[in-house]
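**Q** For reference, the sequence and a predicted model appear below.
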Amino acid sequence: MCLSFWLLKIHTMTNFPINKLKGLQTPLYYYDIELLKKTLNEVKEYQNKWGYHVHYAMKANANARLLEEIRKAGLGIDCVSGNEVQHAVNEGFDAKKIVYAGVGKADWEIKLALEAGIGCFNVESYPEAEVINEIAGSMNKIAKIALRINPNVDAHTHAYITTGLEENKFGIGLTEIESVVEKVKTLRNIELCGMHFHIGSQITDMGAFVALCIRVNELMHWMEAHHVDIKIVNVGGGLGIDYEHPDVADVPNFKEYFETFHKHLELRDGQELHFELGRAIVAQCGTLITKVLYVKEGRKKKFAIVDAGMNDLIRPALYHAYHKIENITSTEANEMYDVVGPVCESSDCFGQEVVLPKTKRGDIIAIRSAGAYGEVMASKYNLREFANKVYSI
């Protein structure tokens, strides 16, 4: 659906013509395409400045309308499943700009990716490399791979989205590298072309990325000493956004992010630096719009019960994640509410003790910064329907 009234910024809706919502079924995801384009333009600026390669992490949001803008901006795709690979191909992305990660690639997924001619597999264990080699051999193909190395760098973020520590399931441990590299060299249908890293998500402290650069530099020295030619250095993604101030910081600080790697990585001549950004590209352009069904006054607190549920946006229930919540139809004095959904789970709560203008049945609530890990993680739990989608243009 494409409606001109949605060109209004969500955060300026005190004078929003609410009658325009008539006929629209909530909950719905609103996507600000102009903001997405603005974000992509900043990414492209630094990609072009230093010749970097940016792959959009599709797991953040696989919405076709957003992917269209991302493809037109010239980005590649980072996939973590066979169906994501197929979706990227179907949406017109150049297969050579697709990278495929994940600790548990099934045989059919590997075959699909080889048939598509993807640019690189990010390989997370030697057993995986063996299977890719076997399948590639049966197809008379050579599979290009980058070894995903677990650098044991603390991203200082939520435990569920930290991926670069020794206790995490991802990647090849530092003590295993020599053995894995030597064995991979013997695989006839494998071309080892790179190293891949990813230390976590929602990282706002550039110090974590500096620590990653130091570890990558050490590993590049080791690779050189062992005569391993590394063409691709893929540092993953992980750049966070400002969930508390989505209007002030509507575009992440890409300048500081990309400059951190430019300053601290010791790339060799001819090496390519690759990134896999997801949340930073799409999170701020998405807002979950929901309607208040009831206001329930308990003995200790007030509940604003809305028609969106954890099946529409699971992050608060899964991670206790914060999203800014706004009542965009009321201008009365502020009160405090727990904003909860209708799903039959106590964890179906978007925010506790949220300060909102006095809220009543029928008011419209905006749950901000929901463009990443919102729609894409939705389910039909309780047999609820998926939320509608609305685009600014």
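**A** Received it, and whenever you're ready, just let me know what you need.
**Q** which residues of this protein fall in helices?
**A** Assigned by DSSP state H, the helices in the chain fall at 33-50, 64-72, 82-90, 107-116, 126-138, 177-184, 206-225, 254-264, 279-282, 315-319.
**Q** So which of the ones you listed is nearest Val339?
**A** helix 315-319 (9.3 Å; Cβ to Cβ). Bear in mind the C-beta positions are built from the backbone N, C-alpha and C, glycine included.
**Q** Off-centre distance for that closest one?
**A** For helix 315-319, the separation from the chain centroid amounts to 15 Å (computed by Cα atoms, centre = their mean, to the nearest Å).
**Q** Can you point out the buried residues in that helix?
**A** Residues of helix 315-319 classed as buried: Arg315, Pro316, Ala317 (neighbour count, 16 or more other Cβ atoms under 10 Å).
**Q** tell me the mean pLDDT over that helix?
**A** Averaged across helix 315-319, the pLDDT comes to 95.
**Q** same thing with stretch 179-187?
**A** Taken as a whole, stretch 179-187 has a mean pLDDT of 95.
**Q** How about stretch 362-374?
**A** Mean pLDDT, computed over stretch 362-374, is 97.
**Q** try stretch 195-210
**A** For stretch 195-210, the per-residue pLDDT averages 93.
**Q** List the buried residues in it.
**A** Along stretch 195-210, these residues count as buried under the neighbour rule (16+ other Cβ under 10 Å): Met195, His196, Phe197, His198, Ile199, Gly200, Ser201, Gln202, Ile203, Met206, Ala208, Phe209.
**Q** Can I get those in JSON lines including distance to Ala60?
**A** Formatted as JSON lines, the buried residues of stretch 195-210 follow (distance: Cβ to Cβ, whole Å):
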{"residue": "Met195", "distance to Ala60": "23"}
{"residue": "His196", "distance to Ala60": "18"}
{"residue": "Phe197", "distance to Ala60": "18"}
{"residue": "His198", "distance to Ala60": "13"}
{"residue": "Ile199", "distance to Ala60": "17"}
{"residue": "Gly200", "distance to Ala60": "14"}
{"residue": "Ser201", "distance to Ala60": "9"}
{"residue": "Gln202", "distance to Ala60": "11"}
{"residue": "Ile203", "distance to Ala60": "14"}
{"residue": "Met206", "distance to Ala60": "21"}
{"residue": "Ala208", "distance to Ala60": "19"}
{"residue": "Phe209", "distance to Ala60": "18"}
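**Q** Return the closest of those with respect to Tyr381.
**A** Checking these against Tyr381 by Cβ to Cβ gives Ser201 as the nearest, at 23.5 Å.
**Q** so that closest one makes contact with Arg279?
**A** Yes: Ser201 lies in contact with Arg279 (Cβ atoms under 8 Å); the separation is 6.4 Å.
**Q** Need the residues touching each of the two.
**A** Gly237, Gly240 (Cβ atoms under 8 Å, 6 or more residues apart in numbering).
**Q** Quick one: low-confidence residue ranges for the stretch 201-350 of the chain.
**A** Of all residues in the stretch 201-350 of the chain, none has pLDDT under 70.
**Q** quick one: the strands in it?
**A** Remark: strands assigned in the stretch 201-350 of the chain by DSSP state E, counting those that start in this stretch are 232-234, 272-277, 286-297, 302-306, 325-327, 334-340, 349-357.
**Q** Please name the strands paired to the fifth one in the sheet, noting orientation.
**A** If I follow you right, that is strand 325-327. If you go by DSSP bridges, strand 325-327 pairs up with strand 364-367 (antiparallel).
**Q** Ok, the last one next?
**A** Taking DSSP bridges as the criterion, strand 349-357 forms sheet pairs with strand 334-340 (antiparallel).
**Q** gap between the partner strand and the chain center?
**A** Centre-to-centre, strand 334-340 and its host chain are 29 Å apart (Cα atoms, centre = their mean).
**Q** ok, residues contacting that strand?
**A** Under Cβ under 8 Å, 6+ apart, the answer for strand 334-340 is 295, 301-306, 325, 348-359, 365.
**Q** Can you say which of those residues are buried?
**A** For those, a burial check counting by 16+ other Cβ under 10 Å picks out 295, 302-306, 325, 348-351, 354, 356-357, 359, 365.
**Q** Just give me the neighbour total for Cys120.
**A** 26 (other Cβ atoms under 10 Å).
**Q** what sits against it?
**A** Neighbour list for Cys120: Val99, Tyr100, Lys144, Ile145, Ala146, Cys193, Gly194, Ile232, Asn234 [criterion: Cβ under 8 Å, 6+ apart].
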